[in-house]
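Q: no sequence for this one, just the structure:
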């Protein structure tokens, strides 16, 4: 423990020491100041200002303050190109000379762009606090993605560090791409303009709260000139460390290639093309205990991903634009599902194919009225199949062999139509709109048609005593519709120069939940800045509704006792020989149902935060928040045997697994966020969260230990970590060299302790020992440090052509982060981890810009 603390302190010193050294300013450096204004000579705060030295090609970056001013204090004298970028304005590039006798600041006046990139209308630029403009928003531009150490160039790796697990909901974080909800972020990194986390957390436009959604804005092509980018990430595994659970270092080859090209197709059309190809030949580590002893084995898992993204932007009029985009995905992954206790026979292959067309139309009717229409058509096909048809054999937390008994296919066809309006009138800025999302599903699930035997322990397996056998038979195909609708209205009011209020209301509706149509979600937030406006106090409260996932309808329609009959036998013979058709006709089936009184889950968030500006470019936020989950989803066997006997309430069925909305949760957190740009050299994002989350359900498919006493399920949430610390930093060294790092520290996750036996005869071995609550076990915490060193090489003076070479080191200190701790008392691995995160890995990157 002491060694880990010393290492963490050392890394912190490495990141912060250079910034302290800058304080000893070189007497040969110069100060360069300026002011950025709009066409009405009003200041433009938050503009990105960049200086490129024509001789040394060094880059210096900063942002303007509240009154539009910027300052560079450690510049070598010489000729520079000054670039200024601000939302809603045309970019400016002008040559400047640093080191002249004149001390007057340069004054730059920006011209309004012909159309805004986002649905945002404001009557004027305000330095007053706005309820929807929280400082603790995480805003990641290409600057962060290109310079941080990111495994495989995954654009979600960094924003995911700053999400709140208590805010994620049933399906994980909501991903919003260009204003439209998406199941995943499947565009090349080079096509991304910005990514936001916790932007306007109480906005009524979105169904998920701020710390549970990721908003992505893709960039459009240039209307003036062609430009491009080629990048390659290579990881061969030659210099990697060995995983803690592997006997030998597993072979690994990984490569990611990306390209983008954009430019004008005429005076009023801009083109953007981007692509990504991902090749991954990693290995899964099998660590199982079989009757012949411990088995440790590496198994190759090849994966191939192809992403294509295209976009055409049309300037129909100076105030009207039309965007037409296309997105393609093709993914294959072999031998998935293998590793830890799953032997090679359990492998499955995955195929995922997607096509998407997106149309965005924007129109500014006046300086205070904007309208945007979004339309998306998507077809998404996923297929997973096992490599073996043999019956599955599962020995709880020891080993699993036989076929995976997985055979699934799902095709979703979706249309998404949204119409949004923004109107500014006096002190009010109104936003309102709505949308419809018709969805059509065709699913096939022939899983477990070969049967599964489950054993409590290795001893039971050697004696041939399974406690359970399950098998399915019938028609595995189903087709259904599930449509979703929403409407919202929001009013942002500037009551006083130092006080603003945001009021919102959102309505959610699903076609398969018409008996639950009163899902009205109010939102309220206000911001107050006392004194000199260096401090802002924010208060917010809001209701956020979930949606019913389509898998619930798939399960209900398939496992209704007629389409698919599910046979469940307790304490069967092994091996079991029978005529599947005859046995299924005589057996008592098990079914899956949705509770008739099911309701839409929702969460209520309340927060109080204080924001403080600490000098130029430094911001501190302290927030206390509570999140309360109501009517959360869970599964409960309403036909489990009554305690103390074997009699089931309905003798016509074995199990009746019912989806219910009877769960609840509670979370409290204290979050400290610090963002800084120190002397134009160090960019820093730092977040610490102290939290506690309890609930009485582990998720949609989580069955309680006692189906008739849900109070005993109350305990720490599966994702409950008391402490979380995340840091992302980029430091600019001389000679266009950059050093960056990501630090992630967290306390332990809980795990459940069970006997390993079906003590209450409900056919599920999740019973806990007497007096032991849910999730009472705890393993160690985790610590991870990633570092990147990169160098830019300008290939031609006064040209965009440059080559960037980078080296990434992930888990640079090779700290062992254990995961998946076993709480099954009958397992030989009880109290130990069954796997560990990756050991140290090195990744080489090359990027060419032209």
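A: Received the coordinates, thanks. Just so it is clear, the structure is predicted and the values come from calculations on it, not from any experiment.
Q: Now stretch 215-231: average pLDDT?
A: For stretch 215-231, the per-residue pLDDT values average out at 89.
Q: For that stretch, buried residues please.
A: Within stretch 215-231, the residues scored as buried using 16 or more other CB atoms under 10 Å are 215-223, 228-231. In this view, the C-beta of every residue, glycine as well, is placed from N, C-alpha and C.
Q: now stretch 185-194
A: By neighbour count on 16+ other CB under 10 Å, the buried set for stretch 185-194 is 185-192, 194.
Q: average pLDDT across stretch 344-362?
A: 96.
Q: burial of residue 755, as a residue count?
A: Residue 755 has 18 neighbouring residues, counting by other CB atoms under 10 Å.
Q: What residues of stretch 714-728 count as buried?
A: 714-721, 724-728.
Q: hang on, the earlier thing: closest to residue 150 among the buried residues of stretch 215-231?
A: Residue 150 lies nearest to residue 231 out of those, by CB to CB, at 11.7 Å.
Q: Please report how far that closest one lies from residue 186.
A: Distance, residue 231 to residue 186, using CB to CB, to the nearest Å: 18 Å.
Q: Can you lay out the buried residues of stretch 185-194 as a markdown table showing distance to residue 560 and pLDDT?
A: Output for the buried residues of stretch 185-194, formatted as a markdown table (distance: CB to CB, whole Å; pLDDT from 0 to 100):
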| residue | distance to residue 560 | pLDDT |
| --- | --- | --- |
| 185 | 36 | 89 |
| 186 | 34 | 88 |
| 187 | 39 | 89 |
| 188 | 43 | 90 |
| 189 | 44 | 91 |
| 190 | 47 | 89 |
| 191 | 44 | 92 |
| 192 | 44 | 92 |
| 194 | 46 | 92 |
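Q: and the two most separated of those residues?
A: 186 and 194 (17.3 Å).
Q: Which strand residues bridge residue 663?
A: For residue 663, the beta-bridge partners are residue 632 (DSSP bridges).
Q: could you pull out the helices for the stretch 451-600 of the chain?
A: Counting by DSSP state H, counting those that start in this stretch, the segments of the stretch 451-600 of the chain that form helices are 458-462, 550-558, 580-586.
Q: any idea of the mean pLDDT for the shortest one?
A: In this case it means helix 458-462. Looking at helix 458-462 alone, the average pLDDT works out to 95.
Q: What helix or strand is residue 423 located in?
A: For residue 423, the host element (DSSP states H and E) is strand 407-425.
Q: For the helix or strand that that strand is followed by, buried residues please.
A: Going down the chain from strand 407-425, the next helix or strand is strand 428-437, by DSSP H and E. Within strand 428-437, the residues that count as buried by 16+ other CB under 10 Å are 429-433, 435, 437.
Q: cool, and stretch 397-413?
A: 397-412.
Q: remind me which residues of the stretch 251-400 of the chain are low pLDDT?
A: Within the stretch 251-400 of the chain, no stretch falls below the threshold (pLDDT under 70).
Q: Could you pull out the strands in it for me?
A: For the stretch 251-400 of the chain, the strands defined by DSSP state E, counting those that start in this stretch occupy 253-264, 269-290, 293-317, 320-336, 348-366, 369-386, 392-395, 399-401.
Q: can you check the stretch 501-650 of the chain too?
A: Under DSSP E, counting those that start in this stretch, the stretch 501-650 of the chain gives strands at 519-528, 535-545, 564-570, 589-594, 602-613, 618-637.
Q: Parallel or antiparallel, list what pairs with the second one.
A: Just to be clear, that refers to strand 535-545. Its sheet considered, strand 535-545 pairs with strand 519-528 (antiparallel), strand 602-613 (antiparallel) by DSSP bridges.
Q: hmm, back to that, secondary structure and distance to residue 735 for the buried residues of stretch 215-231 - can I get that in CSV?
A: What follows is these, written out as CSV (DSSP: H, G, I helix; E, B strand; the rest coil; distance: CB to CB, whole Å):
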residue, secondary structure, distance to residue 735
215, strand, 36
216, strand, 33
217, strand, 33
218, strand, 33
219, coil, 29
220, coil, 33
221, coil, 32
222, coil, 29
223, coil, 34
228, strand, 25
229, strand, 22
230, strand, 23
231, strand, 21
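Q: Farthest-apart pair in these, please.
A: 215 and 230 (27.5 Å).
Q: Who are the packing partners of the strand holding residue 423?
A: Applying 3 or more CB pairs under 8 Å, 6 or more residues apart in numbering; DSSP states H and E, one finds that strand 407-425 contacts strand 180-182, strand 369-386, strand 428-437, strand 439-445.
Q: make it 10 Å
A: Here strand 407-425 touches strand 180-182, strand 348-366, strand 369-386, strand 428-437, strand 439-445, strand 477-481, strand 484-496, helix 550-558, going by 3 or more CB pairs under 10 Å, 6 or more residues apart in numbering; DSSP states H and E.
Q: of all these, which lies closest to residue 619?
A: Of all the helices and strands packed on strand 407-425, strand 484-496 sits nearest to residue 619, with 21.3 Å by CB to CB.
Q: any chance of the strands of the stretch 501-650 of the chain in CSV, with mean neighbour count too?
A: Output for those, formatted as CSV (neighbours: other CB atoms under 10 Å):
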stretch, mean neighbour count
strand 519-528, 19
strand 535-545, 20
strand 564-570, 21
strand 589-594, 20
strand 602-613, 18
strand 618-637, 19
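Q: Please tabulate these in a markdown table, including the columns mean pLDDT.
A: Shown next, in a markdown table, are these (pLDDT from 0 to 100):
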| stretch | mean pLDDT |
| --- | --- |
| strand 519-528 | 95 |
| strand 535-545 | 96 |
| strand 564-570 | 92 |
| strand 589-594 | 95 |
| strand 602-613 | 95 |
| strand 618-637 | 96 |
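Q: Now these in TSV, please, with extra columns for distance to residue 335.
A: Below are the strands of the stretch 501-650 of the chain laid out as TSV (distance: least, CB to CB, whole Å):
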stretch	distance to residue 335
strand 519-528	42
strand 535-545	39
strand 564-570	27
strand 589-594	29
strand 602-613	38
strand 618-637	29
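Q: what's the closest of those to residue 392?
A: strand 564-570 (14.3 Å).
Q: what's the distance between that closest one and the middle of its chain?
A: On the basis of CA atoms, centre = their mean, to the nearest Å, strand 564-570 is displaced by 37 Å from the centre of the chain it belongs to.
Q: Just checking: what are the partner strands of that strand?
A: Short version: by DSSP bridges, strand 564-570 pairs with strand 468-474 (antiparallel), strand 589-594 (antiparallel).
Q: Not counting its own residues, what contacts the last one?
A: Outside strand 589-594, the residues that touch it by CB atoms under 10 Å, 6 or more residues apart in numbering are 470, 472, 474, 512-513, 548, 552-562, 564-568, 635, 637-639, 650, 652-661, 763.
Q: let's go with 8 Å and repeat that
A: Strand 589-594 has contacts (CB atoms under 8 Å, 6 or more residues apart in numbering) with 552-553, 555-556, 558-561, 565-568, 653-659.
Q: From the buried residues of stretch 185-194, pick the one nearest residue 748.
A: Distances from residue 748 to these, taken as CB to CB, are shortest for residue 185 (29.0 Å).
Q: just checking, that closest one touches residue 176?
A: No. Using CB atoms under 8 Å as the test, residue 185 is too far from residue 176 to be in contact (9.7 Å).
Q: where do the contact lists of those two overlap?
A: 214, 216.
Q: Run through the stretch 401-550 of the chain and note the low-pLDDT ranges.
A: Low-confidence segments of the stretch 401-550 of the chain, defined by pLDDT under 70: 532.
Q: picking that back up, could you take the strands paired with strand 564-570 and lay them out as CSV, with extra columns for distance to residue 325?
A: Rendered in CSV, the data for the strands paired with strand 564-570 read as follows (distance: least, CB to CB, whole Å):
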stretch, distance to residue 325
strand 468-474, 41
strand 589-594, 36
